[in-house]
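Peer 1: kindly return the folded structure for what I paste below:
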Amino acid sequence: TKFYFQKEYPGLGRGVREGLSYVTGSHILMMDSDGEMSPDTVPLMIKKMEQTNCDMVVGSRFMKGGGVEGYDKFKYWFMNRPFQTFFRILFNTKIHDLTLGFKLIKREVIDNIKFDSNFHDIAVETTLRPIKHGYIVEEVPTVWKSREKGVSKNKLLKNFKYVFKALSIYLS
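Peer 2: Residues are numbered from 1 along each chain as shown. As a prediction, this is how the structure comes out:
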């Protein structure tokens, strides 16, 4: 096992992009390390990829069987859900959760797309760019649970970066 520590300037997006440059396998699992994403979802992701031969599987909080625990109700109902609905229609996709950074991705997708997000908007970028490029994306339900320790750096107002990132991807 090798460990790599982020060398570039701070930021989740920079860290993810740097990490993607180090991975060598045929598939990449993207998963936050703060305990909010359930490892129990990973076998479902693998099974979905094997069954459909898709290019990417995203964990979805918003499809049947998924959910959230300890999520801010205002953020959920007045920011996240409208965002998901609007951009789901705009990008003509069946994917219910465009902003969770929990994904299983074939290596070729990572090799063929240039990601540029520096912060939390990497989560929406790593879903929408593959969709925009025509890759086959599937989803499986997952339950997101609020972290038990520490404080999120993804503050409420920073979530507007997701809107700007999604629009820039759509217009590119």
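
Peer 1: can you map out the strands along the protein?
Peer 2: Along the chain, the segments classed as strands by DSSP state E run 27-30, 56-60, 67-69, 103-106, 137-141, 143-145.

Peer 1: and these as JSON lines, adding mean neighbour count and distance to F86?
Peer 2: The C-beta positions use only the backbone N, C-alpha and C, and glycine is treated the same way. Shown next, in JSON lines, are these (neighbours: other C-beta atoms under 10 Å; distance: least, C-beta to C-beta, whole Å):
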{"stretch": "strand 27-30", "mean neighbour count": "18", "distance to F86": "24"}
{"stretch": "strand 56-60", "mean neighbour count": "27", "distance to F86": "16"}
{"stretch": "strand 67-69", "mean neighbour count": "15", "distance to F86": "19"}
{"stretch": "strand 103-106", "mean neighbour count": "23", "distance to F86": "21"}
{"stretch": "strand 137-141", "mean neighbour count": "21", "distance to F86": "18"}
{"stretch": "strand 143-145", "mean neighbour count": "18", "distance to F86": "20"}
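
Peer 1: output the ones you listed in a markdown table; the columns should cover mean pLDDT.
Peer 2: Converted to a markdown table, the strands of the chain look like this (pLDDT from 0 to 100):
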| stretch | mean pLDDT |
| --- | --- |
| strand 27-30 | 97 |
| strand 56-60 | 98 |
| strand 67-69 | 97 |
| strand 103-106 | 98 |
| strand 137-141 | 98 |
| strand 143-145 | 96 |
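
Peer 1: including distance to K7, could these go into CSV?
Peer 2: Listed next are the strands of the chain as CSV, based on distance: least, C-beta to C-beta, whole Å:
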stretch, distance to K7
strand 27-30, 19
strand 56-60, 26
strand 67-69, 33
strand 103-106, 22
strand 137-141, 30
strand 143-145, 29
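
Peer 1: between those, which one is nearest to I95?
Peer 2: In this view, the strands of the chain are compared for proximity to I95 by C-beta to C-beta, and strand 137-141 is the closest at 5.3 Å.

Peer 1: just want the angle from the closest one to strand 56-60.
Peer 2: Interaxial angle, strand 137-141 versus strand 56-60 (axes from the mean of the first three to the mean of the last three C-alpha atoms, to 10 degrees): 30 degrees.

Peer 1: hey, C-alpha coordinates of strand 137-141 in PDB?
Peer 2: The C-alpha atoms that make up strand 137-141 are tabulated as PDB, following Å, rounded to 0.1, in the frame of the first residue of the first chain:
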ATOM      1  CA  VAL A 137     -23.300   6.700 -15.900                       C
ATOM      2  CA  GLU A 138     -25.400   4.600 -13.500                       C
ATOM      3  CA  GLU A 139     -26.400   5.000  -9.900                       C
ATOM      4  CA  VAL A 140     -27.000   3.000  -6.800                       C
ATOM      5  CA  PRO A 141     -28.700   4.100  -3.600                       C
END
